[in-house]
Structure formats: C-alpha cells, structure tokens
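Asks: fold the following for me, if possible:
(5 chains, ligands or ions: 4)
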Amino acid sequence: MLTLTSLTKSFGQNVAVDRATLNFDRPAMIGIIGRSGAGKSTLLRMLNRLADVTSGTITFEGHDITKLSGKAKRHWQSQCAMIFQQFNLVPRMDVVSNVLHGTLNRRSTLATLFNLYPTADIHRAIDILDRLGIADHAPKRAEALSGGQQQRVAIARALMQEPKIILADEPIASLDPMNAQVVMQSLRRIHEEDGRMVIANLHTLDTARRYCDRVIGMRDGKVVFDGTPEQLTTGMAREIYGAGEEFSEAATSTEIETLEQTAAPQRHEVKAAV
Amino acid sequence: MLTLTSLTKSFGQNVAVDRATLNFDRPAMIGIIGRSGAGKSTLLRMLNRLADVTSGTITFEGHDITKLSGKAKRHWQSQCAMIFQQFNLVPRMDVVSNVLHGTLNRRSTLATLFNLYPTADIHRAIDILDRLGIADHAPKRAEALSGGQQQRVAIARALMQEPKIILADEPIASLDPMNAQVVMQSLRRIHEEDGRMVIANLHTLDTARRYCDRVIGMRDGKVVFDGTPEQLTTGMAREIYGAGEEFSEAATSTEIETLEQTAAPQRHEVKAAV
Amino acid sequence: DDVITEFRIGILGGENAQDRLNSNECLRAYTEEALGVPTKLFAPADYNGVIQGLVGGTLDMAWLGASAYAAVYLQDPDAVEPVLVKINLDGSYGYHSIGFARKDAGIGNLEDMQGKVFGFGDPNSTSGYLIPSIEIPQTTGATMDSGDYFGEVKFTGGHEQTIVAVNNGDVDGGVTWADGQGNWEDGYNSGALRKAVDAGLVDMNDLVEIWRSNPIPEGPVVLRTALPADVKEKMTALVDGLHEADADCAYGVAAGDSLGFDPITHEAYVSIVEARKAKSN
Amino acid sequence: MAELTAHIPRDIRQVYMAHVRQKRLWSGILLILFVVLMVSGFLTANSRNAGGFLNGLPNVLDFPSDVLGEAWERAHLLPGYLIKYLPSLIETVNIAAAATLIGAVFGIVLSLLSTRGLAPAGWAIPIIRRFMDILRAVPEIVVALVLIFLLGGGPVPAMIAIALHTMGALGKLFSEVNENASLKPVEGLQSVGARWGQRMWLGVIPQVAPNLLSYALLRLEINIRASAILGFVGAGGIGYDLRNTMTWGQGKFDEAAAIFLLLFVTIIVVDQISSVARDRLTHGRAAS
Amino acid sequence: MTAQTLKFEAERSFSRKRLVAFGVPALMIAYLTYIFFSFDIAGLAERASLKNAQTLVADSYSYKTHVERDNRSGEIKIAIEGERKGEYPSGTAPSWVELGDSTRIDLGGGHVITFGETAVRYEIPDYGVIRADPGRGGVNAILPTEDVPDWISVSKNRLAVTTDAGRLTVTRNRAEVFRYFLGWELFFFTLDSPYHGMPVSELAYRASAGELSEILNAIWTNTMWRHNDVAWAIFETILMAFLGTMGAALIALPLGFLAAKNFTPLGGLRFAARRLFDFLRGVDGLIWTIVLSRAFGPGPLTGTLAILLTDTGSFGKMFFEALENVDGKQIEGVQSTGAKPLQRYRFGVIPQVTPILLSQVLYYLESNTRSATIIGAITGGGIGLLLTQAIITQKDWEEVTYYIVLIIIMVMVMDWVSGWLRRRLIKGDEGGH
Ligand SMILES: Nc1ncnc2c1ncn2[C@@H]1O[C@H](COP(=O)(O)OP(=O)(O)OP(=O)(O)O)[C@@H](O)[C@H]1O
Ligand SMILES: Nc1ncnc2c1ncn2[C@@H]1O[C@H](COP(=O)(O)OP(=O)(O)OP(=O)(O)O)[C@@H](O)[C@H]1O
Ligand SMILES: [Mg+2]
Ligand SMILES: [Mg+2]
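Replies: Residues are numbered from 1 along each chain as shown, chains lettered A, B, ... in the order given. Ligands and ions are numbered 1, 2, ... in the order given. Presented below is the predicted three-dimensional model:
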C-alpha cells in the first residue's frame, strides 16, 4: 500500500535521506531506528509532506503523492497523521480543541475560526480521549498537562483525523520511562485494534524490539537494515549506531525495568549515546 | 581588635541578631555557621554597616563604629570589605573595572565617574587578579565569567580595598564543589599571606572545620557556639542546626571528596538540609 | 533698549511658505542695509503664529490683517503700532468679503442659504470671519450659530480651503476676500478667488456671488512699539518708499499690484477692534 | 612556573592598558561629539528662532497666565463649555478607536504575511516590510491633509490617516512578537492538513494575543493624541475646536481652557487605564 | 466523571466559546457600523471629489506652461506654472509657441490655438473649431455644435475648454492657454540659468571642465524649488528632534531618580515628580508649541522645547520604571566598598539602566522626527511648514510630492540610524539578560 522509491532529500550539500527504497504492503507497526542525524525525522516529514522531496517517489494505494500541492496535499496530510517529539499542541487551548484540530481539513476555514465543530465531533473527541485514559483532562489547557498526557492528546488528535497511517517522530523521547511505556502501549493498541499502520521513529533499540513488527535501521540517510525485531542482532545494532565494542543494549534503553537494574553508573553512557 | 558587645538587630517584632557578644583579638580566619535565618547575614551586614544596628556596639581598634555616618562610615566600609553570595558585581563592566571599584572610597568622585583610575591602580588590580589566577579574563565583562571566576573577581575587589577585615557572606553557596574549593582556598591564602582577618558565613560544617581557625555557631540570632573546629562535635552541630538524630555530617557537605564517597543517595538529603 | 541686535519680520499666510519667504526676500535685504543689523523672515503657519510673535515681542514688524491687528491690540494695546497701509490701484485702501456658492446648487443669495451649511475661513481673518459674522446677521436678522439661520456654520481653516470646500460641495456657501474690481469670471483682479482660478482649482462659471460686505480696511503694517524711534522711522520710510524704489519688490511684498503704502493710525481700526470685542465671550 | 607567572601580568597589563586607552579615547570622542552637537545645535536653533531662549524664559508663563486668568474670570461658564464640547471629544475618541481597530486588524494580517516562517509567500516578505516602513514613515498629518483635499473635512480623513500609520507601526511590532512565537503548534496543525488561515488563527494568534492586545492599547493611547492633533489641521473633533478658540486668543481663552481640560483629562484617563490593562496582560497572564 | 457528563460539559464549553468567537467580531462590527453612520461614510462617496484627485495626481508628476494674453493691451505673457519666477523674458517663447501678429500655440496632436487681433480660435481634431471674440459685451463664443459637451464650460462672460492636450479659458479681460508637460518643471535649473535646457552630456562635460561648482550652485539656489531652503528645513526638523529628544533624556534622568521608589524615600517628592511627568506627557507637544510660541516666537527653538517638554514626561515615566526594576545586589556590592552616593549611582545603577534607556531614547529620536514635522507646521520651522503650506495652497502638488518623498526618506534614514546606533551602543547585551 505504501511504497518509497529511491526517496532522497538533500539540504544543500548535506544528503539527509539517501535513496531510501521501502515497501509496506499491509498495515504494520514499524519502528525506524538510527542515531541522531541519521535522517529519521526527515523521512517521516517527507511522508507527511511537511518537507518536500528532492527526488524519488512516494506512492500510497497507487496514487503518487510525491508532488501533491494545495488542497490535494492537505487532503493527504489529513490521512497521514503525525505525532511529534515535542507534541506540537497549541498550549493555550484546551485539550478537546486540540483534539478537534484533527478535523480541520474536513471543515471550512470559516467554521473553524468560529469554533463551529459539529457536536458529533466533540463527542467523538471525548470518546477518543477516554480511550486513551485522559478524558478527565478534557477541559484543561494543553499546557497544564504533563508530557505523557500531552503526547496522548497528540495521539488523540491523530486518531481524530481517522488516518490511514500514523507517523510518530520519536514520540517518547521527551518522556520519562513511565509515560513512555503508556504512550507506546497506546500506539500499539491503536495499531492492533484499529488496524492502522503506525510508523514510529524510535530512539532506543529495546522499544523497537518490544513494540514493532518490523524494524528499519538508518545510518547516514541510508536504509541499512530492514527486518523483524528478531533479525536485529547486537552486531547489526552496532552497525546501525556506528558504535564500537563498548556498545551495550542497555545504553539506549529507556525501559523502566532496565533502568532500575543498572541504575546510576549508566547515566553517563545514556548521554553519550543520545 | 574587633569587639561586638550585645549587638542586636530587630526587624519589627523579629529579632534577627540577639545580643551577640564576641571578641576578636587578632586577625584570624573565622567561620560563622547556622541554619537559614539564624542571623548570619544580618550580623555581617551590621559589621560592614550596610545595615544599621538596633542596639549594642561594635568597636574596632578602640574606635566605636556603631554609629558612624557619612564619610566616616564610608571610610570604615572601605576598610572592611564584603563578599556576597551572589558576587554583587556590575555584570556589564569589565573585570578590572569591577576590581577597581575597591578604590572608589579613596579616589575623587569626579574622576571615577568618568572611569579615570590611576595607572598604578590598574596595574595593581591586574596583579591581584593574577594572584587569584584569573588575570587572563581581565578585559572581559564580568557577566561573561563563570560563578567561581566571578566570586574571585569579588575577592579581588575586596583585596583592592586593602581592608583590615574581609567579610564573606556565604561566598561559596552559589558555587559548585570544584569552584567552592578554589574560592575557599583563596580566602585562606589571603588570610595566611596578608594576615588579614576573614570572617565568613558558611553553610556547611566541613568547610568551616577545614578552613577556619575559629568557628562561631548561631541559632535564632543568638551565638550558641564559639570555639575551635575541634571543639565542634556532632552533638554541638546538632544543636546549632536544631537537627535530630538523623543529622549526618555529610548532609551539609559540599566537599568534592565527600560527595564522591556517598554519591547518589545523598542528593535528596542535601536539598532537605539546605 | 535703544539698540537692536537683529530685526525680525513676520509674514502672514495665504501663500506657499516658500513663496512668501521668496517674495519678501528683497525687503529683508533692504532692511538689513537700512538698519545695519541681521534681519530674518518668519512665516508661521497661521495668523496666530504672527499674533503671538507680536504680543510676545519676538517679532518686530509684520503686515497684518485688520482683525489680526485687533487681536494683537486687544491682548496688549502697547505691543505694536500701525504705521502704513497698502493703497489699491484705484487709490482706495479697502477690499471686500465676498459670499459665494455653487451655481448648480441653486443658491443665488443669502435667503437661499437658509438651513444650509455655511463656511468661514480662519477665525482670525477679517474677511473670512469677523466682518461677515457681524454684517450677515444684520441682513438675515439671525445669529451665526449653527442651526439658527444656517443649518451649520464651520471654519474651513483658510480662504483656500473655503473655496475648495464650496467648489466640492462640502459647504453650500462661504466667504473669502477679493478686491471686488474687475470681472467675476476672472475671480476679480485680486484676492483668493483669483488665485484659485489661476491655479485651475475652480471654474468661475460654476460659482455665483451671493453677498458682499461693505469695504473692509486693508490691514496695517505694524511695528513693535518698543523699538527705538530711529528704527521705526527708518522702517516706515523704507516700506513707504518701496514702491518708488523697487516696484518689483513692492509687488512681492504687497502680494500684487498696488500704489504702494500710505501712513495710517490706530483710529482707522477702532471699529474693527469693537467688532472683534463683540465677537469675544 | 614562577617565571611564567611573573611576566604574564606584565603582558596582560599592556594589553589591558591599551584596551583602556582605546576605550577612554572613544568615550572621550563620543562625549565631545555629543556635547559639540548639543551645544552647536542649540545655538543654531536659538539663532534661527525669532525670540532667543534667555529672553523668552522670563515670559514663559505669560500665555498660560492669560489663558488661566480668563478662564478663572468666567469660571462659571466652564460646565457649560464642557457639555458643549463633549460631542467633539467623543468624535476625537471615535476617530482614534476606529483607526486603532482597523489598523490593528490589518496590522495582524500584514504581520503574519511578513514574519519569516509564517508567511505563505516568502518572496513577498521584503515587499510587505518596505510597505509597512513607508506607512510608518509618512506622518499622519500629511495623509490627512491630502485626504481632506480629496474627501473634504471631517473625521474620515483623520481616521484613514491614523489607521494607515497604525497599520505600519503595529504591523512591525506584531511581526516582532510573531517571530518569538513557537512554531511547534503551527507545524502540528500543518501536519493535520490545516489551511494557512487555520494555522495562523489556531496556532499563532492564541500565543501572541496578549502581547498584541497590549501593543494595540498602547497605540490607542498614542492615536488619541494624534486624532486631537489632526483636528488642528481641519480634520474635525476636539482639536478643531481647540484651534478655533485658541487662535482667536483673548476673548475665547475660557473656552480654550475648557476644551484643553477635557482633552487632558481624557488623555490621562486612557493612559492610566491602558497602562494598568497592559500590565495585567503582559505580566498577570504570563504568571498563571 | 463519566464520558457522558464530560461530553455535556464540553458542549457547554464550546457554546461559550462560540459566543465569544462570534461576540468579539460582532462587537467590532457593531462599533464600526456605528462609526459608519456617525462619520457619514455613505455620504463620503458623494463628497469625494474625483476631479480633485485627478488634479492632484496629474499635478504631482506634471507641470503646465501658461500662455496668457491681456485682451485689452494685447500683451502676451508666457510663464511656467504662471509664476513670475518661471516667466519667459518678453519676446522669447518655447518652441511650440509662435509669436507674431497673431500668436499660434501648438498643443500637439493637431490641437492648435490661435490668438488673433482680438479673436481666439481653437482647432480641435474630431470636433471642429471653437471661436471666441472677447469684448465689452462678453466672450461671444461660437461652438461648432449645438449641444455643449461636458468638457466645455461656456457662459456669457467666460469660456473654458479642457482637452487632453491642454486647457483654454477666455474671459472678457484675458485669454489663457495651459499646456501640460510631464515632469517637475525647472527642478534643476531655472529659465535664467545658462544651464537651462542643456543636455546631460554637455553638463557632464562642463562639470568635468571645472564648472561643477557653478552648476551645483545653480541647482542649489534654484529660485523655483529653493533646494537650499528645503535642505535647511530638513536640517531644522532633524535638529528639533535631536535636541528635543536628547535634552529631554538629560533632564528626565535625574528626575527619574526622584520618582523612583527605591531612590527617593520621600513620598511627596515622588508623587510630585510622577504627576509632573503625567502633566508634561498629557499636554501634547502641539499644545506646548502654542504655549511656548508666545515667549519664544516662531522658529525651531520653540519646536525643540515643545518636544523636550513632552518627552521629559515620557522619558521620566519610562526611566523611573526602569530604575524601580534595577537589581539591588550590584548597588549593594558597590556600596560595601565605601563608595559615595554619586559613585553608587554611577556604578551600581547606570550600567544596568543604560541599555534600556538608550534604546528607548533612540527609538524616540526616530518617532520625534515625525513629530517635529508636525510641530514645525505650527511654529513655523522645518519641512513640516513647507509641506502643510504647500498642501493648503492646494496647487503646488509637485512640491507636495517632493516634500513627502523627502520626509519619507528622512524618517526612514533616522529609523535606520537609530537602529544602527542601538545595535552599536548596546552590542553584546544579549548575553547580559
Ligand atoms: N531544515 C534542515 N536544513 C538543513 N539540514 C537539515 C534540516 N533538517 C535536517 N537536516 C539535516 O539532515 C540530517 C538528518 O536529520 P534528521 O533530523 O532527519 O535526523 P534524525 O535521524 O531525525 O536525528 P535526531 O535523532 O537528532 O532527530 C542531519 O544532518 C540534519 O542536520
Ligand atoms: N531586610 C529585612 N527585613 C525583615 N526581616 C529581615 C530582613 N533581613 C533579614 N530578615 C530576617 O532576619 C532573620 C535573619 O536573617 P539572615 O538573612 O541574617 O539569616 P541567615 O542566617 O543569613 O540565613 P540564610 O542562610 O538564609 O542567608 C530572618 O528571620 C530574616 O527573615
Ligand atoms: Mg529527528
Ligand atoms: Mg544569609
């Protein structure tokens, strides 16, 4: 259903994504890993068309979406929700409004300027919040919520879009381990229950292993690994992260259990790896 | 040479310093300890005459300085330098100018208004900075320096005054352990090499123990301990800090070695104690 | 003070400030030569600027309108003394306040103006306010308050603005000054209408005269009373003889053709002073 | 080691002394330049003025005492005048308020179109900025006088003139505020396929609204003065009445004083209200 | 809370929000509607004068040459803009006017006007010939057609014809032709200058041959445009702004200390200083101008003092607010060395407030350039006076345009200069906050 062919993005001299060719034939939960600067964010931003493609093509269900613009582009964006590391909510507005922003593409500009959302949408927004366990915060301002709660609001906004694909750019990087777990579990549940495709950039190997059906590894803009979590050996991981012998799984972990086991001495390594 | 007799300062109902009587007969390095609100700062501020005395007297080398005002008071202040927790430098001016402020009392107002200091003074300022190991930063703005460096500039300004007494109000409270050590060592050296009297409010027991010849303990405005570091037992310390059985020396420590020994679990306690 | 260190001449509005300074430049040069002190020209934006200058003693000489002279006199009778007045080509020293309106508005006289909008010029202008505000009520038998006889009475700010306002229909009728000689279609020989016609601002075919005042005395050239006597004498002689000495310069200073200046005294303006007093609170 | 530290300060001394000399030189030059400019400027202004500064100083109070003297004599008429001129005052305030409203609305649009990162057309940014510079550079009085010629007297030319100026001034200030707004919400909205208007309205405006409102209030304060001044050149409102009574001089000074009182009180009141409101907007909200 | 109650609450909150979302614009629209009627904007369309707009626009980029005949004496006068200083010496004429027994004026495009002995003839292509024979009894105009087109205005004593080529008016006394040309007439050289009408290449050659100063002098002293006076006027305006702003800053600084809570313990003094600031600000610069012009008379000094008074109020307020926000630690630090009060202010306070004050002062310098333009229009100084007078006279629109362009440039340059100074003088501050 989604095919990337030789997808490339360069910023001047710098090639952020280098001839990435990938094929996704059914909705799956996909994790993209790679170290900082590998091109993960850029790849997702091209998929959502927040960034323009330098060369190559993206096709979805047979339609070429590489060069869409104006209305057609916005329509595509509405089908392809995006979740950001920093949540990117409107902090001064309440939670329900933020979730309702997921319907913006479907509603006329004028109506949304005056907050004229259909009651059915409002109800659905609350149902989604309820499903994510944060309905109680519905009337609060987004900025009043904790990071993990804000990220769930962002997921709710994505669900509100009724998207075919959900893109998540390091959705748990700004969260503490406890909240990270809740957010990843929500994404997994959405994938399993609604059958939506989820592509998540992940920061840490073990998260990718635990939640994803398929893992893609990027290094310097190139796709260097594409397989099941089981195929992802420590050797492979070393190659993706460009690390030497000192590399240990735990160094990239954010799982609560792992953290508690290795405690203090690990902190320095985490920093080095990030 | 310096005698405080029944020195008292009250702010309305609140008695900050309560009939403190102390006698210092020779230049020594003196540490004042006590918990927050014990009246340490108020005591020093009265000595420097930044704050007026409510009752009691301060005499220095036979002169009563309790009620000095105008020129005489300023002259006393110039002999009795003060170092502050927050450095209290002029951040927009360069380091040497800040040090030269130590000569303000001696120079004509008009010349200083236009920043006209004698070359000899400028040279001396640089020598003092050199002695404190920060001559390289001489032309920089004070705000461009790190906390420890700024505190050494403040000490340089104090030395520039050629004072008979140096008062230091928690000189290391805003500094990290590394810088704290450098600053305390500087103060000690000044005391030893120049034979100046140094009175420092200290926050932590072990600093007082390590650097001072004599320690004074205050609690609720009263002097409750006055003796050598050796006389300062843990029981005495408990009394000064008004702490219970759980009190441990390390809780108030900022020494580098101590920190490394006790590592992580200690951090919470430090906060609680401060 | 018996010696002066400089001499300051104020010039009234009515023309582009630059042009005013320009046409009085020769007078400045003659004055400098006659008095032997630096001489400066000042062209404030309105009558009030010159009036304040004369009352405050910061201007030494000016050519005023009759009403402006009265204003100075009323504020301080000892501030200035009138010395000369401009003589028209026909030997008279007066002009008229002319009421006019648009022909296509169907207004032919003051009766037609009843309930309509009437425009004065500057409050300090003799022909643009003072005289019509006294003489028109004598004709209409009503006051000049808005809503009494006229529907509304406004100040447009000056002669030029009145003409444009009437021409545009902002006001139905207004008053301005003219010498009343020559032909209506030329805008008369001199005056604000003539200037507007020359500038191509109005077509006199579109306008009609609806009222005309009794002759208004031309304003005086005044000198600051406190000036030394010899300075006053010299300046009076200079301006008096200007027409004979340099006709071109006199044309510029008098803002048009004239027979030059003749002596005059305060007595000629007593009625104007009274009129102005009457209009004050 | 000892040798090393021995000559380092000498070196630093020289470097620093050079630094000090240069600084003294520059501050000396700047100071002298400033003093020379001020003194020569003052002398020039003084010599080009009709009356000199020293001669005029003793007479500074003449005019106010004339006005106040007359106003005092006929103080009983004052309440009547206040009522008589109230409608003019309302017109002046209306000119300012309407112009501020219109100017602020257009200012917001212009600012969004000229903020990097928000503008839909990047190439248009410099054009819009220059356009706003020009709107700001033209004094209101110029536009008003030209418009009076075209549209006739009355409040409209003044309103348009002030609105144009406000547009330029607020547009610039607003775009500085916008620049500090976080782009994250905007990107978030973009990712759901929101249109430009929606992104701005929902993503930017809520962030910047308190600051915009505070600047608009400040502008209202400024515009009330401007509107009074424009009345002076024939654009209606209380400035027009003030001019007509003030220029008449003795005989109508009592009315002038009454009008002045109205205007002064209005300016002070608006000033105080707006400064309290602005304080609330920028500090009060930020804290919560 | 159940999802049901949450939904209910959300609905209510959204209706509230809609109320606000509609209410605020509705209020704005209601207010503007009120303004629409109270300012009679509907009536504006009628009153707006398209013809004036045309005159204005046309005049701002073109000029006209008058050819005028006195019908009594038969004397012909040719003058640019009909002004004395633009007059052609008698007996000379531009190339499109042929002097002689009868004067032939070629307006171009086939439009030809002939002044005969007494009669005036105007040949208009595609229309015909208009004749007029002005005399005692009127202008006696004869038109080729029965009905009068709207570009001809004719009455017994006056005939006016306006075509694209030019304008003709005939009255009993005078016959006058205006021909329009593009450009600003005599902008560089007046008719009496030897350089008038000289091609640029020739001018450049002469300039290089050592006549540069004469050429520049001719431009500088041009009597029509008076560039030297205009330059003085601009200078005067900037002078008023500069002196007023800087003077106000110098006066407001010590007064600001008097009004600041942390420097003046005496409440009465503080109150007096603050009310003084309010008063100075509240009385606008314009009023100060009027008040001061009695004592100081017209001229730039009066304008300067007016700006100075108003800004002393504005600066005073800003300064004392800045002073109340200073950080006491620095002052205490300086004080603890035994510094005298003046030194305490100099080193403890001034370095902290300078960047704030300086940037405000420089910002005002720019905005005062605009104020000085307006104030100048009242007191009689600077470019403001030239401009307002040119507008009020309502005929010299090319000069109005010239001044407006100069004012825009002046304000933009001041804006740029003050921005540059702000950056230079306060550089390196970003790190300080
Ligand atoms: N807007 C941009 N302009 C220029 N270069 C960019 C831009 N965005 C990304 N890059 C560059 O593209 C490369 C890939 O960046 P990208 O953000 O996609 O990496 P990433 O894998 O998401 O890393 P991280 O984990 O830090 O988010 C980097 O070298 C980055 O510097
Ligand atoms: N300016 C003041 N006005 C009123 N009360 C004051 C003032 N300064 C100090 N106090 C009070 O005096 C008491 C002693 O304060 P002081 O600052 O001397 O304590 P300290 O021992 O220095 O404490 P810390 O370690 O917090 O600096 C406190 O109760 C404090 O609240
Ligand atoms: Mg990324
Ligand atoms: Mg303390």
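
Asks: residue C:57 is in contact with residue C:224, correct?
Replies: Yes - in this structure residue C:224 lies within contact range of residue C:57 using CB atoms under 8 Å: 6.3 Å. (C-beta placed from N, C-alpha, C; glycine too.)

Asks: where do the contact lists of the two overlap?
Replies: residue C:79 (CB atoms under 8 Å, 6 or more residues apart in numbering or on different chains).

Asks: would you mind finding the longest helix in chain A?
Replies: Ranked by residue count, the top helix of chain A under DSSP state H comes out as helix A:177-194.

Asks: dump that one to PDB, restricted to CA.
Replies: What follows is helix A:177-194, C-alpha atoms only, in PDB (Å, rounded to 0.1, in the frame of the first residue of the first chain):
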ATOM      1  CA  PRO A 177      10.100   5.900  31.300                       C
ATOM      2  CA  MET A 178       6.700   5.500  32.900                       C
ATOM      3  CA  ASN A 179       5.000   7.800  30.500                       C
ATOM      4  CA  ALA A 180       7.000   6.400  27.600                       C
ATOM      5  CA  GLN A 181       5.500   3.000  28.300                       C
ATOM      6  CA  VAL A 182       1.900   4.300  28.400                       C
ATOM      7  CA  VAL A 183       2.400   6.100  25.100                       C
ATOM      8  CA  MET A 184       4.000   3.200  23.300                       C
ATOM      9  CA  GLN A 185       1.300   0.900  24.500                       C
ATOM     10  CA  SER A 186      -1.400   3.300  23.200                       C
ATOM     11  CA  LEU A 187       0.200   3.300  19.800                       C
ATOM     12  CA  ARG A 188       0.500  -0.400  19.700                       C
ATOM     13  CA  ARG A 189      -3.200  -0.800  20.800                       C
ATOM     14  CA  ILE A 190      -4.300   1.600  18.000                       C
ATOM     15  CA  HIS A 191      -2.400  -0.500  15.600                       C
ATOM     16  CA  GLU A 192      -3.900  -3.700  16.800                       C
ATOM     17  CA  GLU A 193      -7.400  -2.600  17.400                       C
ATOM     18  CA  ASP A 194      -8.000  -0.200  14.500                       C
END
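
Asks: which residues touch the residue most central in space within chain C?
Replies: The residue lying closest to the centre of chain C (CA atoms, centre = their mean) is residue C:65, at 3.9 Å. Contact partners of residue C:65, counting by CB under 8 Å, 6+ apart, are C:12, C:47, C:124, C:125, C:126, C:127, C:219.

Asks: what do you get if the cut-off is 7 Å, keeping everything else the same?
Replies: Taking CB atoms under 7 Å, 6 or more residues apart in numbering or on different chains as the contact definition, residue C:65 lies against C:12, C:47, C:125, C:126, C:219.

Asks: one more: residue E:288?
Replies: Residue E:288 touches E:306, E:309, E:310, counting by CB under 7 Å, 6+ apart.

Asks: does the helix or strand the second one falls within come close to chain B?
Replies: In this case it means residue E:309. Following DSSP states H and E, one finds residue E:309 within helix E:300-324. No - figure legend: helix E:300-324 not in contact with chain B (CB under 7 Å from any CB of the partner chain); closest approach 14.2 Å.

Asks: so that helix, near chain C or not?
Replies: No - Helix E:300-324 is not in contact with chain C by CB under 7 Å from any CB; minimum separation 9.1 Å.

Asks: now for the most centrally placed residue in chain A: which residues touch it?
Replies: Centroid-nearest residue in chain A: residue A:168, 0.6 Å away (criterion: CA atoms, centre = their mean). Contacts for residue A:168 (CB under 7 Å, 6+ apart) come out as A:83, A:187, A:198, A:200, A:201.

Asks: what packs against the helix or strand containing residue D:98?
Replies: If you go by DSSP H and E, residue D:98 is part of helix D:78-113. For helix D:78-113, the elements it packs on are helix D:124-137, helix D:155-179, helix D:205-230, helix D:238-248, helix D:253-279, helix E:3-38, judged by 3 or more CB pairs under 7 Å, 6 or more residues apart in numbering or on different chains; DSSP states H and E.

Asks: the closest residue to residue A:35 other than its chain neighbours and chain C, how far apart?
Replies: Leaving out its chain neighbours, the residue that sits closest to residue A:35 by CB to CB, 6 or more residues apart in numbering or on different chains is residue A:241, at 5.1 Å. The gap separating residue A:241 from chain C is 78 Å, by CB to the nearest CB, to the nearest Å.

Asks: so residue A:241 touches residue A:33, yeah?
Replies: No - using CB atoms under 7 Å, residue A:241 is not in contact with residue A:33; the gap is 8.2 Å.

Asks: between these two, tell me which one has more neighbours.
Replies: residue A:33 (27 against 19; other CB atoms under 10 Å in any protein chain shown).

Asks: near residue 62, how many other residues are there?
Replies: You didn't pick a chain, so chain A it is. Should you count by other CB under 10 Å, residue A:62 turns out to have 7 residues around it.

Asks: you looked at the wrong chain, it should be chain D
Replies: Residues near residue D:62, counting by other CB under 10 Å: 19.

Asks: equivalent analysis for the one 3 residues further on, please.
Replies: Residue D:65 sits with 11 neighbouring residues when counted by other CB under 10 Å.

Asks: quick one, grab the pLDDT at it.
Replies: With respect to pLDDT, residue D:65 has a value of 90.

Asks: now swap in residue E:75 and tell me
Replies: So residue E:75 comes in at 85 (pLDDT).
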